[in-house]
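S.K.: Just the structure for this:
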Amino acid sequence: MGGNSILKRIFMPRFPSIGGCSDQMADSRVLGIDSRGFQSDLNWWRLIPSPIPVFKTLVLISSQDPPGHDGNEAVGVKGDKYRFHIYGEGEKNTTWRFGAPPNYDVVNKLFEEDRSKEWPSGSIEEKVQNLVKTFEMELFHKACLDDYKTINSQKFTLSINGGRSMSVEEVGKIGGYNALLQTSLADRLHAYNPYTETPESSDELFRTTFPRGFALEILQVYSGPPVIAYKFRHWGYMEGPFKGHSPTGKKVELYGVSIVEVDDSMRIEKLDFFYDAGELLADLLKGPILEGFEYDTSPNSSLGCPFLKGM
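M.R.: Coordinates of the predicted model:
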């Protein structure tokens with residue numbers, strides 16, 4: 001079978017447009033998903049003639065290829081060892097929130113140095129880990145909802161700690177951090193208020209606080225598709241300020257569990273996270289207040305809370 005036929009087989013499916021963006025979306029086979037709904041070994045890409053013109057663009061976009069990548073890899077593989085749907089023909093019309101595809105070299109290095117487990121290639125743990133990493137990449141970096149490949153946009157909902165379900169449109173509107181840090185606490189108890197932050201301000205805040213990124217690993221998978229339950233760990237080093245607090249340079253960790261419902265193509269339809277965001281925020285408030293920073297210490301502010309005062 002010729003290369004053109006392979007590309008047509010992979011990229012022909014289309015899905016309804018949402019959000020006014022391009023309606024071209026690659027189907028699950030761009031992930032190399034097999035009949036069980038899991039990512040296969042992706043050996044099919046070797047049948048595609050190389051190089052093809054798109055790679056000239058890819059080399060310019062990525063300032064540094066990960067080890068073992070020679071710039072001539074094919075669709076769905078080029079650019080990152082743990083995430084898909086960043087580079088390639090299927091992303092040529094993708095609208096990126098920050099103007100270009102993300103480069104995860106720095107956080108990948110952090111992940112490889114500090115992870116507690118290294119899952120065997122092809123294991124269910126590795127497959128779930130790569131799916132979640134790819135979903136988070138799309139959530140934070142793709143500006144148009146119909147560019148998302150990891151979700152079934154017609155059914156997708158997200159909830160935090162059993163709270164109300166949010167649609168993909170709402171999540172895209174308020175931003176990833178604000179969606180993931182939803183809370184029922186009173187406003188005066190907010191160390192971080194997701195209801196007053198914008199997607200732009202939240203991205204800038206956490207990028208500054210964690211300049212090397214906030215790594216993710218899957219610690220255990222309890223059940224397989226169509227309902228996947230797993231335990232995860234997020235971590236990073238507080239090497240930048242947070243809300244007027246000096247950086248501590250220390251590792252900040254967040255543990256939690258998640259339940260994911262997927263369709264036959266391994267696209268996420270329902271995602272429920274359970275974790276204590278206070279575990280994360282408390283560590284970010286341990287540094288001394290920066291000189292010249294004016295904090296609201298009135299009884300109505302978070303610093304008026306005796307528990308937060310002692311952090």
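
S.K.: Not counting sequence-adjacent ones, nearest residue to Val107?
M.R.: Nearest non-adjacent residue to Val107, counting by C-beta to C-beta, 6 or more residues apart in numbering: Gly213, 3.0 Å away. All C-beta spots, glycine's among them, are computed from the backbone N, C-alpha and C.

S.K.: Roughly how far does that neighbour sit from Asn108?
M.R.: Distance of Gly213 to Asn108, given as C-beta to C-beta, to the nearest Å: 9 Å.

S.K.: and if you look at Met266?
M.R.: Distance from Met266 to Asn108, by C-beta to C-beta: 22 Å.

S.K.: neighbour count winner among the two?
M.R.: For Met266 versus Asn108, neighbours defined as other C-beta atoms under 10 Å are more numerous around Met266 (23 against 19).

S.K.: one step back: spell out the secondary structure type for the residue nearest to Val107.
M.R.: Secondary structure state of Gly213, per DSSP: H, G, I helix; E, B strand; the rest coil, is coil.

S.K.: list the contacts for it?
M.R.: Gly213 is in contact with 104, 106-107, 110, 236, counting by C-beta atoms under 8 Å, 6 or more residues apart in numbering.

S.K.: Filter those residues down to the ones in helices?
M.R.: 106-107, 110 (DSSP state H).

S.K.: Could you give me the PyMOL syntax to select whichever of those are buried?
M.R.: Typed into PyMOL, the line below selects the buried ones among the ones in helices among the contacts of Gly213, using 16 or more other C-beta atoms under 10 Å:
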select buried, resi 107+110
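
S.K.: Redo the ones in helices among the contacts of Gly213 as JSON lines? Include pLDDT and distance to Asp276.
M.R.: What follows is those, written out as JSON lines (pLDDT from 0 to 100; distance: C-beta to C-beta, whole Å):
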{"residue": "Val106", "pLDDT": "97", "distance to Asp276": "27"}
{"residue": "Val107", "pLDDT": "98", "distance to Asp276": "23"}
{"residue": "Leu110", "pLDDT": "98", "distance to Asp276": "22"}
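
S.K.: would you list the ones in helices among the contacts of Gly213 in CSV and tack on distance to Val221?
M.R.: Shown next, in CSV, are the ones in helices among the contacts of Gly213 (distance: C-beta to C-beta, whole Å):
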residue, distance to Val221
Val106, 27
Val107, 22
Leu110, 22
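
S.K.: just curious, which of the ones in helices among the contacts of Gly213 is nearest to Met137?
M.R.: Checking these against Met137 by C-beta to C-beta gives Val107 as the nearest, at 10.4 Å.

S.K.: Who are the contact partners of the closest one?
M.R.: Applying C-beta under 8 Å, 6+ apart, we find Val107 in contact with 212-215.

S.K.: Now the buried members of these.
M.R.: Using 16+ other C-beta under 10 Å, the buried ones in the contacts of Val107 are 213-215.

S.K.: ok, and the spatially closest residue to Tyr148 that is not a sequence neighbour, which helix or strand is that part of?
M.R.: Once flanking residues are discounted, Tyr148 sits nearest to Glu138: 4.8 Å by C-beta to C-beta, 6+ apart. Applying DSSP states H and E as the criterion places Glu138 in helix 124-141.

S.K.: Mind giving me the packing neighbours of the helix or strand following that helix?
M.R.: Using DSSP H and E, the next helix or strand after helix 124-141 towards the C-terminus is strand 157-160. Secondary-structure packing of strand 157-160 (3 or more C-beta pairs under 8 Å, 6 or more residues apart in numbering; DSSP states H and E): strand 166-167, helix 176-180, strand 268-275.
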